[in-house]
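Trainee: build me a model:
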Amino acid sequence: MGGFMGLVCIGQANVGIIEKWGRFTKIAEPGLHFVNPCFGEWVAGTLSTRLQYLDVRVETKTKDNVFVQLFCSIQYRVVKQDADDAFYELQNPQEQIQAYVFDVVRANVPKMNLDELFEQKGDVAKVVLEELEKAMGSYGYNIQQILVVDIVPDASVRRAMNEINAAQRLQLASVFRGEADKILQVKKAEGDAEAKYLAGVGVARQRQAITDGLRENVLEFSHKVPGTSSKDVMDLVMITQYFDTIKDVGASSKNTTVFIPHGPGHVRDVSEQIRNGLMQASSVSQDLL
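Mentor: Residues are numbered from 1 along each chain as shown. Sure, this is the predicted structure:
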């Protein structure tokens, strides 16, 4: 499109800059336009009004002396009414936008720690957007949006952060594992205590039942067999239990050899020992009373 054309077509989403004798005269909207080269009119150039993207990588340092790289995505477009400013004022708008982003980011990020930067990256983007809008607005550009899409610390810092995070998670896992083991041990101790208590109750009830049974046997035998004393009945009961014990030992399935002295004399000795033990226990109880 130059001064030798009479009819000029401006494409959709574009604007044309019309000059006359080298001086700007008007902005041509999309469509067909007539320019008269004889009167010095011609199309000096066109600008796209589409939304454009610019990715900027900024390397800077945080307040805690960590070097990071910020990846920013800027969306901008030419303001149609100010297209002449955009055409004449800036030769390379992308370099200008990038320079402003560098300046604003490097002025604000050093005020933050690394953790604050990750948490407040939206605030950084907002500050950059405000500064760019003021700076680029005078050149006919509108900044639509700025996104801080990524923050990449130095590789050594990333490794250290991962190690710290892993150590914290291992420490937390150890605490939970210790609490779980503690709960298991407490429950096991409670179960053992309950089992021992129930076993003690069972043994006490068993001994009570044996005592009641022996008493009933002594009384019944004494009434049914005249002339027998309680001592005779107890001797008979203990001898019976002695033989039952020998029978149970012999019927055991375990391969264990048990040597037990056996014979009439030994049976009598066992009986006397048990009786003497009971008498001593009874005398001790009387003394205590």
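
Trainee: helices or strands up against the host helix or strand of Glu133?
Mentor: Element membership for Glu133 (DSSP states H and E) is helix 121-137. Judged by 3 or more C-beta pairs under 8 Å, 6 or more residues apart in numbering; DSSP states H and E, the packing partners of helix 121-137 are strand 67-78, helix 93-108, strand 141-153. Every residue, glycine included, has its C-beta placed from N, CA and C.

Trainee: okay if I get these as a markdown table plus mean pLDDT?
Mentor: Shown next, in a markdown table, are the helices and strands packed on helix 121-137 (pLDDT from 0 to 100):
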| stretch | mean pLDDT |
| --- | --- |
| strand 67-78 | 92 |
| helix 93-108 | 91 |
| strand 141-153 | 91 |
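
Trainee: make a markdown table out of the ones you listed and add mean neighbour count and distance to Ser48.
Mentor: Listed next are the helices and strands packed on helix 121-137 as a markdown table, based on neighbours: other C-beta atoms under 10 Å; distance: least, C-beta to C-beta, whole Å:
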| stretch | mean neighbour count | distance to Ser48 |
| --- | --- | --- |
| strand 67-78 | 18 | 7 |
| helix 93-108 | 17 | 11 |
| strand 141-153 | 17 | 12 |
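
Trainee: turn these into TSV, including distance to Val124.
Mentor: As requested, the helices and strands packed on helix 121-137 are arranged in TSV below (distance: least, C-beta to C-beta, whole Å):
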stretch	distance to Val124
strand 67-78	8
helix 93-108	6
strand 141-153	6
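
Trainee: which stretch among those comes nearest Glu133?
Mentor: Among these, strand 141-153 comes nearest to Glu133, with 5.0 Å by C-beta to C-beta.

Trainee: pull the CA atoms of the closest one into PDB?
Mentor: The C-alpha atoms that make up strand 141-153 are tabulated as PDB, following Å, rounded to 0.1, in the frame of the first residue of the first chain:
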ATOM      1  CA  TYR A 141      -1.200   0.700  24.000                       C
ATOM      2  CA  ASN A 142      -3.600  -0.900  26.500                       C
ATOM      3  CA  ILE A 143      -2.300  -3.500  28.900                       C
ATOM      4  CA  GLN A 144      -5.100  -6.100  29.300                       C
ATOM      5  CA  GLN A 145      -3.600  -8.500  31.800                       C
ATOM      6  CA  ILE A 146      -0.400  -9.600  33.400                       C
ATOM      7  CA  LEU A 147       0.200 -13.100  34.800                       C
ATOM      8  CA  VAL A 148       3.200 -14.300  36.800                       C
ATOM      9  CA  VAL A 149       2.900 -17.900  35.400                       C
ATOM     10  CA  ASP A 150       6.000 -19.300  37.100                       C
ATOM     11  CA  ILE A 151       8.600 -18.600  39.800                       C
ATOM     12  CA  VAL A 152      11.800 -20.700  39.500                       C
ATOM     13  CA  PRO A 153      14.400 -20.400  42.200                       C
END
